[in-house]
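The following block contains a protein sequence and its predicted model.
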Amino acid sequence: MRTTFPLLRRATIAAVAVTAVAAWAPALHAQQKTSIRDRVAQKSDKKPEPVAGIGVIDGAVTDTLLRPLGSADVSVVGVGSHVTTSESGRFRFLQVPAGQYLLVVRRIGFAPTSGIIEVPANDTLRLSYTLTRATNMMDTVRVRATRLTLRMAEFEQRRAAGIGQFITQEQIEKRGSRDASDFLRTLRGIDVSRITNTQFAGTIALSKREGGSVGGDGTGACAMQVILDGIILPRFFNLDLLPPPKQIAGIEVYSGAATVPPQFGGADRRCGMILVWTRDGY
């Protein structure tokens, strides 16, 4: 899966970027655009950090033949905001606090895609996403509550098999941590590190099975593949952009290619995989 979008000037990345945003207002005109308001407390226990400025996200979704895709769902992970593209494939978010976000784009019949974006202060970020038609078509659409039950039933089946490491919703609620990455720090085979350099600033999960340093430019570091609700996220994914723990239903971790479930296999899984499942699903 590939996301195409321009990378504008780098904004200062807060360690809690994904939760330091506000809830989004109801969509207008079939959810083609929406705006943000400062109601962080509804989404996270963290205190909102000062915002450097406000920007706009303006984008389009097409298929591989560059035909506009209407009715595609565009979600901002962790802040409970999503819009639906118009018939022309366009979408827009207004009054977005400057910073880094994770966007997920989905449409029935197409493989979902994701991308990390940086919203500039007092400017417009223009995006273009191309969706590839899915090889296996989806079954009849089910309500979200049923889909969540099916996803977590498979989670429990894999947990019962005893392969991999699992964190349940009960454990998440009992611990009460503020960041999803906190739950990974205690697991074997994972090095969760905070990195700040000219190329990257954020928290990443590296496999201890492979060599490599997290210093400098990260050359040789073996970054684990992160998947959110079945959607493959970018390599060297910043864990700070995951949904807050109170939105997560379960986490499963596989240390290497030999233990990764077949349905999540791919060209390169030697560094292992982290699967994150939310309570509502993206």
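Received the coordinates, thanks.

What are the boundaries of the helices in the stretch 101-250 of the chain?
Here the stretch 101-250 of the chain has its helices, by DSSP state H, counting those that start in this stretch, at 144-161, 169-175.

so which of those helices comes closest to G70?
helix 144-161 (21.0 Å; CB to CB). Yep, even glycine has a C-beta here, placed from its N, CA and C like the rest.

how much space between E170 and I227?
The gap separating E170 from I227 is 22 Å, by CB to CB, to the nearest Å.

and the protein, what are its domains?
Using automatic domain parsing, the domain ranges for the chain come out as 17-131, 144-278.

Format the ones you listed as a markdown table; extra columns: mean pLDDT.
Below are these laid out as a markdown table (pLDDT from 0 to 100):
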| stretch | mean pLDDT |
| --- | --- |
| domain 17-131 | 78 |
| domain 144-278 | 84 |
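
Let me know which of the ones you listed is tucked in deepest.
domain 17-131 (a mean of 18; mean count of other CB atoms under 10 Å).

where along the stretch 151-282 of the chain do the strands fall?
165-168, 190-196, 201-207, 225-228, 231-232, 248-254, 273-278 (DSSP state E, counting those that start in this stretch).

Which strands or helices does the shortest one pack on?
The contact analysis (3 or more CB pairs under 8 Å, 6 or more residues apart in numbering; DSSP states H and E) places strand 231-232 against strand 113-119.

Report the distance from the strand it packs on to the chain centre.
9 Å (CA atoms, centre = their mean, to the nearest Å).

Which other helices and strands does it contact?
So strand 113-119, by 3+ CB pairs under 8 Å, 6+ apart, packs with strand 54-63, strand 99-106, strand 124-131, strand 231-232.

try 10 Å this time
With contacts defined as 3 or more CB pairs under 10 Å, 6 or more residues apart in numbering; DSSP states H and E, strand 113-119 has these neighbours: strand 54-63, strand 90-97, strand 99-106, strand 124-131, strand 225-228, strand 231-232.

Quick one: closest of those strands to I204.
strand 225-228 (9.1 Å).

quick revisit: out of the helices and strands packed on strand 113-119, flag the one nearest K208.
Once those are compared by CB to CB, strand 225-228 is nearest, at 15.2 Å.

Show residues contacting that closest one.
77, 102, 104, 112, 114, 180, 204-205, 207, 232-239, 241-243, 248, 252, 254, 260, 264, 266, 268-278, 281-282 (CB atoms under 10 Å, 6 or more residues apart in numbering).

before we move on, what about stretch 258-267?
154, 157-158, 161, 163-165, 189, 225, 227, 230, 232, 252-254, 257, 269-270, 272-273, 275.

Verify the contact between Q171 and D182 for me.
No - contact criterion CB atoms under 10 Å: Q171 and D182 do not qualify, at 11.6 Å.

Common neighbours of these two, please.
By CB under 10 Å, 6+ apart, no residue touches both Q171 and D182.
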